[in-house]
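Visitor: Turn this into a structure:
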Amino acid sequence: MMDGEIYLVLDYNHVKPGKGSAFARVRIKNLKTDLVLERTFRSSEKLEDVPLEEKKIQFLYRAGDTLHFMDHETYEEMTLPESVIGKDSMRFLKENLEVEALAHNHRILKVTLPNFIVFNILESEPGIKGDSSRSGTKPATIDTGAVVQVPLFINKGDNIKIDTRSGTYVERAQK
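Guide: Sure thing, here's the model as predicted:
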């Protein structure tokens, strides 16, 4: 915890220069705002360690700007704002998807999607004989309504695996 906000450490590098005292270069992410910062801390500085609880929850449905989830342990339904998942991840959130939640004092701070999810292609231009993975990409609409770039040989009705961190096509998948 720093300045009353909870941060997640993304990267840590301990530096011991020839002269002077040691310090740490840290990349941190604010769990409320998703803002990523690079900070340098002297070895004498102390930060409060915040105990975070990881739990699996299931996305049920969306009602306006509110997301409804179910806790797998207690079967309790909870509502969360869209901000806990982030704008980029929202386009890959589909019903009944199991996600990872980070909580502090029983309050969910952040929801993370699995790195890879299989989607069905709802709309895409038809492929032409001879199209290969090296010949380019085209836009395709997946079952959440998001548009992603896929190879030319992918057709309507195909299942594909998407990397949710980057939003890129990974491979054709079996459902």
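Visitor: Can you give me the domain boundaries for the chain?
Guide: Here the domain parsing of the chain from automatic domain parsing is 7-42, 53-112, 116-173.
Visitor: could I get these as a markdown table with mean pLDDT and distance to Met1?
Guide: (Each C-beta comes from the backbone N, C-alpha and C, glycine too.) Listed next are the domains of the chain as a markdown table, based on pLDDT from 0 to 100; distance: least, CB to CB, whole Å:
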| stretch | mean pLDDT | distance to Met1 |
| --- | --- | --- |
| domain 7-42 | 86 | 7 |
| domain 53-112 | 90 | 9 |
| domain 116-173 | 88 | 26 |
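Visitor: TSV for those domains, including mean neighbour count?
Guide: Below are these laid out as TSV (neighbours: other CB atoms under 10 Å):
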stretch	mean neighbour count
domain 7-42	12
domain 53-112	14
domain 116-173	15
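Visitor: for the spatially closest residue to Leu67 that is not a sequence neighbour, what are its contacts?
Guide: Spatial nearest neighbour of Leu67, excluding adjacent residues (CB to CB, 6 or more residues apart in numbering): Leu80 at 5.1 Å. Listed by CB atoms under 8 Å, 6 or more residues apart in numbering, the contact set of Leu80 reads 66-67, 69, 108, 111.
Visitor: if you set the cut-off to 10 Å instead, what comes out?
Guide: Leu80 sits next to 57, 59, 66-69, 101, 107-109, 111 when contact means CB atoms under 10 Å, 6 or more residues apart in numbering.
Visitor: partner strands of the top strand by length along the chain, parallel or antiparallel?
Guide: Selection of the longest strand in the chain by residue count, based on DSSP state E, yields strand 53-63. Partners of strand 53-63 in the sheet, by DSSP bridges, are strand 66-71 (antiparallel), strand 98-104 (antiparallel).
Visitor: Among these, which comes closest to Thr40?
Guide: Proximity to Thr40, assessed across the strands paired with strand 53-63 by CB to CB, is greatest for strand 98-104 (25.1 Å).
Visitor: following the closest one, which helix or strand comes up?
Guide: Sequence-wise, the next helix or strand downstream of strand 98-104 (DSSP states H and E) is strand 107-112.
Visitor: what angle do that following strand and strand 66-71 make?
Guide: Computed by axes from the mean of the first three to the mean of the last three CA atoms, to 10 degrees, the angle separating strand 107-112 from strand 66-71 equals 100 degrees.
Visitor: who touches the helix or strand just after strand 107-112?
Guide: Sequence-wise, the next helix or strand beyond strand 107-112 is strand 116-124, with elements assigned using DSSP H and E. Strand 116-124 is contacted from outside by 92-94, 97, 138-148, 150, 152, 154-165, 169-175, using CB under 10 Å, 6+ apart.
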